[in-house]
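1. only geometry, no sequence info:
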């Protein structure tokens with residue numbers, strides 16, 4: 001799978017595309033549908049045009065994106081970090097990391113794919129500092145099926 005910092009991806013995907021890239025990874029894993037760099041960039045523009053995603057890759061309608069890409073999910077909800085998925089669920093994990101720079105505390109989030117038990121299966125950044133040095137903050141749980 002292509003990581004979000006790939007230099008052929010659009011700059012905003014490289015910087016903010018972790019959730020978007022997680023969706024593509026999950027669709028690829030479950031459907032075997034491949035996504036090359038051109039398709040990733042074209043889908044980014046397409047989803048922005050549909051108002052399913054913002055230019056900074058904020059995913060507004062992940063259920064619609066999953067369904068459009070051929071992996072049917074029926075709902076999404078946020079759960080705590082200790083939640084364990086049922087057999088008909090998948091998870092995207094949200095990690096947070098805080099650090100200090102010039103006396104200012106900076107906190108940011110990063111999304112990765114999980115195995116249903118909170119273990120990372122795909123990090124769109126490769127090996128992110130948010131995962132290595134941060135903590136699992138919450139989970140986005142998707143119910144599989146339409």
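-> Received it, and whenever you're ready, just let me know what you need. Treat the numbers as computed from the prediction; the structure is a model and nothing was measured.
2. got a list of what residue 16 touches?
-> Residues in contact with residue 16 (C-beta atoms under 8 Å, 6 or more residues apart in numbering) are 56, 57, 58. In this view, the C-beta of every residue, glycine as well, is placed from N, C-alpha and C.
3. part of a strand, is residue 26?
-> No: using DSSP: H, G, I helix; E, B strand; the rest coil, the assignment for residue 26 is helix, not a strand.
4. Show me where the chain has its helices.
-> Taking DSSP state H, the helices of the chain run over residues 11-16, 18-31, 37-49, 62-68, 129-133.
5. what's the average pLDDT for the last one?
-> Mean pLDDT, taken over the full extent of helix 129-133, equals 96.
6. List the buried residues in it.
-> For helix 129-133, the neighbour count (16 or more other C-beta atoms under 10 Å) marks 130, 131 as buried.
7. Touching it from outside, list them.
-> With contacts defined as C-beta under 8 Å, 6+ apart, helix 129-133 is touched by 95, 96, 97, 99, 108, 109, 110, 112, 120, 123.
8. Great, nothing more from me.
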